[in-house]
Structures are given as structure tokens and as C-alpha cells.
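>>> Everything below, folded, please.
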Amino acid sequence: MHIMEGFLPVSHAVGWTLAALPCVAAGVVALRRQLAAQPQLRPVLGLAAAFAFVLSALKLPSVSGSSSHATGVGLGALLFGPWVMVPIGTVVLLFQALLLAHGGLTTLGANVFSMAVVGPWVAYGVFRAAGGLGLGLSASVFLAACLGDLATYLCTSIQLAWAFPDPVGGFIAALQKFVGIFAFTQLPLAISEGLLTVLVVNALRRFNAEELRLMPSLAHREVLR
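Sure, this is the predicted structure:
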């Protein structure tokens, strides 16, 4: 679920935009450095961007009457690092707001923060932690993509609960409601995204192993294992 156009109060929309802007700027710098240092990775980067666009564009009805999406940003975060996915996720969200009416321009900052900042960083952190615990590459990829997806929706729930606290229970009660609204739909979506990301990474290991060896985030892992 991208927060829809005009849904957030003005102060929250502005606040999340200001929070997202420095992340986007840092991501643009990281993206430029990555492409300047390794221009041969452009096709794989394009694949990661397309993966995020397609998965996050697929809208599934939620039991609450709203809708849920996979995010697709975990793949790029694992391959290129979380900063690179911030501008890519921003462009994905901007195109979806303009072309598909998913999300909106006033809520773009909030959606960028949840899907393009929090999601990639959680996915990358889980991936590195899983590798440190000795888990195999496929298990690490699955956990990273799955938990990165869920982290995006937890962040969105926090944003909505902060904007619309429960009249009786306040922020905590509102957060419980928003998390509960999406849990039934998002849990299977997150698992599906984890499995699909594993399939894509395994395909890359088979057909693009040389490119994977050049990626800093995979430098500590044996991509052919």
C-alpha cells in the first residue's frame, strides 16, 4: 500500500519529504559512483529497477478493503547496497504516482521513506547478519527480501498511526490497528517476494556470475556456492 494522494496532513507530508530528501541525495551520489566505477553493471542495475517497478505495481486487495503490494527493493539492496536503491525506489514511486495512481505526489516523501529507505536498509542489514551467522546465500536472500518487505509496511503503519492516532488509545492503539489491517495480506506477499527474489538471484548466479563477483555487497559471499 502506497499512502494515497492527499491522505496525510500537510505537516506530516512535508515532514516526511524533508526526511527523505537527504537520503535521496546520498543515494544519487552512491549511484553515480557505482556506475562510474563499474559501468558494466548497468544491465543488472536495470534488472533490479525493473524488478522493483513490476512487483510494487502489482496491487492486491487487502481484507480491509484497501490494497497491498510487494516492494521489490530488496533485490537491488542486496546487489548494490541500500543507498543505490533510494533514488531508484524514488523514481519507481514517482512513475507509479503519475502513471498508475499508486500513492501520490504529496505523499511521495512518506512512501519514499518507507519503501526506498527503510525497506532496502533492513533488507541489506538482514542479509549481512544472516551471512555472519553462516546461513547460505539462498536463505540469506529469502530472509532479507521478506523482512525488508515487512519493514516497509511496518514503517507505513507507523506513519499512518502517527498521523491518525486513536481517539482513545493514541498512537499505540492506532499502530496495532494499522498493522493488523495489512498483516493478513502482507505476510504471504512478503514470503512470496522472498521466494521470487531467491529465484532471480539464483538465475543471476547461473548466467551473470562474473558481474555478481564485482558487487561489494556480495564480495564476502561465494556467489557460485
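>>> use CA for all of it now, contacts and neighbours both
Fine.
>>> secondary structure class for the residue of the chain positioned farthest from its centre?
Most distant from the centre of the chain: residue 168, at 32.3 Å, with distances by CA atoms, centre = their mean. Put simply, residue 168 is coil when judged by DSSP: H, G, I helix; E, B strand; the rest coil.
>>> Report the separation between it and residue 176.
For residue 168, the distance to residue 176 equals 13 Å [CA to CA, to the nearest Å].
>>> that older thread, quick check: pLDDT value at the residue farthest from the centre of the chain.
The model reports residue 168 with a pLDDT of 90.
>>> The residue nearest to residue 96 when sequence neighbours are not counted in helix, strand or coil?
For residue 96, ignoring the flanking residues on the chain, the nearest one in space by CA to CA, 6 or more residues apart in numbering is residue 102 at 5.4 Å. Classification of residue 102 using three-state DSSP returns coil.
>>> Might one say that residue 102 is in contact with residue 2?
Yes - using CA atoms under 8 Å, residue 102 makes contact with residue 2 at a distance of 6.1 Å.
>>> contacting residues for residue 146?
By CA atoms under 8 Å, 6 or more residues apart in numbering, residue 146 lies in contact with 123, 190-194.
>>> Just the residues you listed: which are in helices?
Among the contacts of residue 146, the residues falling in helices (DSSP state H) are 123, 190-194.
>>> who has more neighbours, residue 102 and residue 2?
Taking other CA atoms under 10 Å, residue 102 and residue 2 do not tie; residue 2 has more neighbours (26 against 21).
>>> follow-up on the earlier one: find the pair from the ones in helices among the contacts of residue 146 with maximum spatial separation.
123 and 192 (14.9 Å; CA to CA).
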